[in-house]
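Engineer: Quick check, what structure comes out for this input:
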Amino acid sequence: MKRVFLILAAFIVSNGLVAAELRFQPGDTIDITVFNSPELSGSFRIQTDGYIRMPLVGKVQASGKTEGELHDSVRAAVDTFVKDPYITLIPKFTVTVLGSVNRPGAFTISGSERVVELVAQAGGFSNDSSGKITLYRNGKTVKFSKNDVMTLDPEFGFLRPGDVIVAQRRALTKADYSIIISTLSAISVSLYYFSNRN
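Structural biologist: Okay, the predicted model is just below:
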């Protein structure tokens, strides 16, 4: 088991799946609170041009920035309206869970969630799940099992903006077996019927 972990960890690092610091990208949302200024506060989504649009302030470049960099940019923009503003930022990144889970879809994270938590948010593995997971990140992929999620996930690290988790489907499910049996039964009945006609 230790050997499997070392191989997986080396693969993750060598393929650039561990990022040093989160950077915002279009589609992410930021909750911004300006103390004593509710008119400047709110939840802002980064548009495709990379900007957020704040009331009174206007456009603020957000895409490509870290939380600290964006905090400084927003503070400088708000300073025109509020002297020495006190600002808090709460990032909300988007990741996607697809495949054999009970509630696939896009989910909002703060940057401190792990794969196992997102699978749980998606309702857990469905009955047709093979137990294998593929994580897509920045054009790279890593594959592991649901057992790895439980035992290795703390070492794997946090999810990142834009991550896509795909829970793989079993090659053949109970429904597939039912269809195969039904089809074979229909073929058998047809063969029996035509063989008895001659």
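Engineer: ok but V119 is inside a strand, no?
Structural biologist: No - read with DSSP: H, G, I helix; E, B strand; the rest coil, V119 is helix and lies in no strand.
Engineer: Would you state the strands of the chain in chain order?
Structural biologist: Ranges of strands in the chain, per DSSP state E, are 29-34, 42-45, 51-54, 58-61, 87-99, 105-109, 129-137, 140-145, 164-169.
Engineer: and Q121, how many neighbours?
Structural biologist: Neighbour count of Q121, defined by other CB atoms under 10 Å: 17. Backbone N, C-alpha and C define where each C-beta goes, glycine included.
Engineer: Excluding sequence neighbours, find me the nearest residue to it.
Structural biologist: F107 (5.5 Å; CB to CB, 6 or more residues apart in numbering).
Engineer: how close does that neighbour sit to A122?
Structural biologist: In this view, F107 and A122 are 7 Å apart by CB to CB, to the nearest Å.
Engineer: shared neighbours, these two?
Structural biologist: Common neighbours of F107 and A122 are listed as V97 (criterion: CB atoms under 8 Å, 6 or more residues apart in numbering).
Engineer: of the two, who's got more company?
Structural biologist: A122 (22 against 19).
Engineer: What backbone torsions are found at the more buried one?
Structural biologist: A122 has phi and psi values of phi -80, psi 10 when expressed as degrees, to the nearest 10.
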